[in-house]
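Colleague: Fold the following, please.
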Amino acid sequence: MLRIHFGPDDFARVRLAREPDPLWEIVCSLHRLQTSQGRWAYADWYRATRDTLVGTPLGDAVRRLLVPVVPLARYFPDFLTPQESADGLDPGLAAIVDTPPTRVALEVRRLRQISGAPPWAPTLVERANREEFAKALRAYHNAVIAPHHDHIGARITGESALRARETLDTGIDGLLAGLTPAMRWRSPVLQVDYVEDRDLHLGGRGLRLVPSYFCWRTPIALADETLEPVLIYPLHRARLPTPVPPSEASLGALLGKTRAAALRTLAEGATTSELARFLGVSPATATHHTTVLRDAGLITSQRTSNSVLHTLTPLGAAMLRPSGPTRVTAPSATAGVPASAAGSRTFDSGRSR
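Modeller: You can find the predicted model right below:
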């Protein structure tokens with residue numbers, strides 16, 4: 001168990017990520033490829049990822065370069081998930097490249113002692129090798145994370161909206177008590193189901209909470225307690241189906257001023273009762289409107305306590321923009337793969353936790 005100890009100054013410094021952290025999603029998705037546990041929750045993503053990786057240079061890079069230093073184990077190096085990643089993939093990868101060699105050497109030694117490290121891992125102390133490693137991370141993200149960005153982003157946005165409302169209604173105590181069944185708030189200690197038994201004293205630094213789409217059941221914290229405290233936690237697995245493009249029937253049902261007003265209202269998130277009050281309709285009528293919007297793939301809904309919070313999907317947000325959404329073409333799966341990663345061996349995802 002991980003016990004996170006809060007002091008009086010820490011409560012005012014609790015932050016909740018509003019967007020996916022790309023490097024944490026990379027790390028957690030690599031963990032999903034190393035075990036069959038929870039695969040049902042990511043079945044579509046897993047099938048698409050195997051199709052992308054098997055028999056490709058990128059698949060070989062994932063198997064030989066990425067998985068060995070990000071094992072599904074007690075420890076992997078903290079420098080691979082820098083705080084700068086909260087601002088996006090580019091700042092995160094730049095921070096990995098800029099990590100001081102002494103810190104890289106220390107964390108690689110710890111990886112070798114605790115989880116086992118590949119023979120080439122000590123060469124990451126050289127900046128050029130970290131640059132090549134960052135290229136492999138970028139290629140992996142472009143190939144198997146970016147194509148699902150809208151769905152992942154919608155899930156994280158919905159989680160953030162839900163937790164923000166819980167904080168307004170019940171304070172930090174309510175937020176910490178309701179994150180996930182893997183955590184239990186016993187003020188002033190947050191008890192977390194964890195891979196090892198240890199204590200983390202925040203000491204006035206606060207805590208950054210990062211919901212992760214690919215994190216499964218067990219939250220993750222940095223091993224180095226001198227770094228800014230962060231806790232990665234899984235989204236609730238009671239998931240709605242992935243939004244799909246609306247059918248002609250759904251679009252036809254969507255037409256009308258009232259539902260258009262409902263969609264605009266839900267841009268900032270709203271419960272069914274709040275939507276009913278804003279539209280001047282009964283709760284039953286508001287429920288009908290949200291059902292149509294959800295069936296059309298324009299909103300998602302999450303139950304919290306005795307209410308249901310509705311937020312927009314990326315498609316719903318695009319409907320409110322003056323111009324239509326721009327089509328984005330996914331990069332090539334092999335773009336940016338280090339030459340050293342090229343090979344003919346297939347990707348192996350058989351290792352189990």
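Colleague: quick one, strands of the protein?
Modeller: Per DSSP state E, the chain carries strands over the ranges 2-5, 14-16, 183-186, 189-192, 198-201, 207-212, 220-221, 230-234, 270-271, 299-304, 307-312.
Colleague: Need those strands in TSV (columns: mean pLDDT, mean neighbour count and distance to Ala117).
Modeller: Just so you know, the C-beta spots here come from the backbone N, C-alpha and C atoms, and that holds for glycine as well. Listed next are the strands of the chain as TSV, based on pLDDT from 0 to 100; neighbours: other C-beta atoms under 10 Å; distance: least, C-beta to C-beta, whole Å:
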stretch	mean pLDDT	mean neighbour count	distance to Ala117
strand 2-5	95	18	23
strand 14-16	92	15	32
strand 183-186	91	16	30
strand 189-192	94	18	26
strand 198-201	94	14	21
strand 207-212	94	22	24
strand 220-221	94	22	19
strand 230-234	94	21	22
strand 270-271	84	22	49
strand 299-304	81	20	40
strand 307-312	83	21	42
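Colleague: Format the ones you listed as TSV; extra columns: distance to His288.
Modeller: Shown next, in TSV, are the strands of the chain (distance: least, C-beta to C-beta, whole Å):
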stretch	distance to His288
strand 2-5	43
strand 14-16	32
strand 183-186	36
strand 189-192	40
strand 198-201	47
strand 207-212	30
strand 220-221	41
strand 230-234	32
strand 270-271	15
strand 299-304	13
strand 307-312	13
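Colleague: Mind checking these for the one nearest to Cys28?
Modeller: strand 207-212 (5.2 Å; C-beta to C-beta).
Colleague: Contacts only, for the nearest residue to Ile220 once chain neighbours are set aside.
Modeller: In this structure, Ile220 finds its nearest non-sequential neighbour in Ile232, 4.2 Å apart by C-beta to C-beta, 6 or more residues apart in numbering. By C-beta atoms under 8 Å, 6 or more residues apart in numbering, the residues touching Ile232 are Asp21, Trp24, Cys28, Val210, Pro211, Ser212, Cys215, Pro219, Ile220, Ala221.
Colleague: Same check on Leu175?
Modeller: Contacts of Leu175 by C-beta under 8 Å, 6+ apart are Val14, Leu16, Arg163, Glu166, Thr167.
Colleague: So which of those residues is the closest to Ala41?
Modeller: Looking across the contacts of Leu175 and measuring by C-beta to C-beta, the closest to Ala41 is Arg163, at 20.1 Å.
Colleague: Quick check: that closest one vs Leu190, distance?
Modeller: With distances taken as C-beta to C-beta, to the nearest Å, Arg163 is found 14 Å from Leu190.
Colleague: likewise Leu124?
Modeller: 33 Å.
Colleague: Need the residue closest to the centroid of the protein.
Modeller: Ser212 (2.7 Å; C-alpha atoms, centre = their mean).
Colleague: Touching, that one and Asp21? I think so.
Modeller: Yes - counting by C-beta atoms under 8 Å, Ser212 sits close enough to Asp21 to count as a contact (7.2 Å).
Colleague: the helices in the stretch 101-250 of the chain, which residues?
Modeller: 101-114, 127-140, 149-177, 248-254 (DSSP state H, counting those that start in this stretch).
Colleague: ditto for the stretch 251-353 of the chain
Modeller: Under DSSP H, counting those that start in this stretch, the stretch 251-353 of the chain gives helices at 257-265, 272-279, 283-295, 314-320.
Colleague: coming back round to it: so in terms of bridging, what pairs with the residue nearest to the centre of the chain?
Modeller: Beta-bridge partners for Ser212, by DSSP bridges, are Pro234.
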